[in-house]
Structures are given as structure tokens and as C-alpha cells.
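Visitor: What would the 3D arrangement of this be:
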Amino acid sequence: MKKLVITYLLTLSVLTIASVLVLRMVWPEQYPSMLFLIPLFFAVMLGIMVWLRRANQKKGRDRSLFFLSYRVIKILLALVLVLAYFTMVGTQLVAFAVVFMIFYLCLSMIETVLFMKGEKKS
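Guide: Coordinates of the predicted model:
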């Protein structure tokens with residue numbers, strides 16, 4: 001789990017820096033005013049992941065149940081965030097959605113690979 005957290009945080013940091021630099025330097029007119037919500041959302045998701053993992057281990061449940069419940073919670077909270085942004089802010093919708101999608105896909109790939117490696121070990 002420690003390797004997952006470190007890799008997740010490093011990837012989140014790289015994605016945040018890259019997205020800010022690209023949007024500020026290449027397309028400054030498309031920079032979403034609330035871009036900070038994306039890395040904040042995924043940092044909160046990391047906390048939820050750790051909490052779910054510990055709760056799952058305390059109850060002695062299978063690790064696949066943790067993985068499935070985490071994915072469902074992540075998708076639902078992602079939809080809530082994107083819909084809330086679209087209704088409340090209403091500007092730079094495409095840029096926000098594309099950056100969010102890139103973060104979501106990259107971090108989901110890392111989670112999946114590290115979860116699969118963890119399953120192989122056990």
C-alpha cells in the first residue's frame with residue numbers, strides 16, 4: 001500500500017504541474033479558474049482509498065471487494081464533481097473535462113497496475 005500511495009502522489013504531482021504549465025503557457029485563455037479542484041479531488045480519493053482498504057482488512061473481506069467498492073465510489077464522486085462544476089462555474093467546460101479525464105485515466109491505470117501486482121503477490 002505504501003508503494004501505491006507514493007506512486008499515486010508522485011503521479012498526481014506531475015500531472016498537476018504539467019496541466020498547469022500547458023494550460024498557462026500554451027492556452028492561457030482556456031485555463032479553468034477552478035483547476036485546483038482536480039488534484040484536490042484525487043488527493044481526497046487517495047484518502048478514501050486508504051480508509052476503505054483499512055476497513056476492508058479489519059472486516060477480513062476479500063481484496064477484490066475493496067477494489068470494486070473503491071471504483072464505484074470513485075466514479076460516483078467524479079460524476080458529482082464534474083456535474084457540480086458544470087452547473088456552478090459554467091466556463092471553460094471542455095478544458096476542465098479534458099484535464100479531469102486525463103487525471104482520471106492516468107491515476108486509474110496506476111491503481112489498476114499496482115492492485116494487480118498486489119494480487120499476484122498474495
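
Visitor: Taking the centroid of the chain, which residue is nearest it?
Guide: Closest to where the C-alpha atoms of the chain average out (C-alpha atoms, centre = their mean) is residue 42, at 3.6 Å.

Visitor: For that residue, report the pLDDT, please.
Guide: Residue 42 carries a pLDDT value of 94.

Visitor: show me the contacts for it.
Guide: Taking C-beta atoms under 8 Å, 6 or more residues apart in numbering, we find residue 42 in contact with 12, 103, 107. Bear in mind the C-beta positions are built from the backbone N, C-alpha and C, glycine included.

Visitor: Would you check how far apart it and residue 54 are?
Guide: 19 Å (C-beta to C-beta, to the nearest Å).

Visitor: hmm, back to that, now, among the contacts of residue 42, which is nearest to residue 4?
Guide: residue 107 (10.7 Å; C-beta to C-beta).

Visitor: Quick check: buried residues in the helix or strand where the residue nearest to the centre of the chain lies?
Guide: Using DSSP states H and E, residue 42 sits within helix 37-58. Within helix 37-58, the residues that count as buried by 16 or more other C-beta atoms under 10 Å are 37, 38, 39, 41, 42, 45, 46, 49, 52, 53, 56.

Visitor: I'd like these laid out as TSV, including distance to residue 5.
Guide: Below are those laid out as TSV (distance: C-beta to C-beta, whole Å):
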residue	distance to residue 5
37	21
38	19
39	15
41	16
42	12
45	12
46	7
49	9
52	13
53	10
56	16
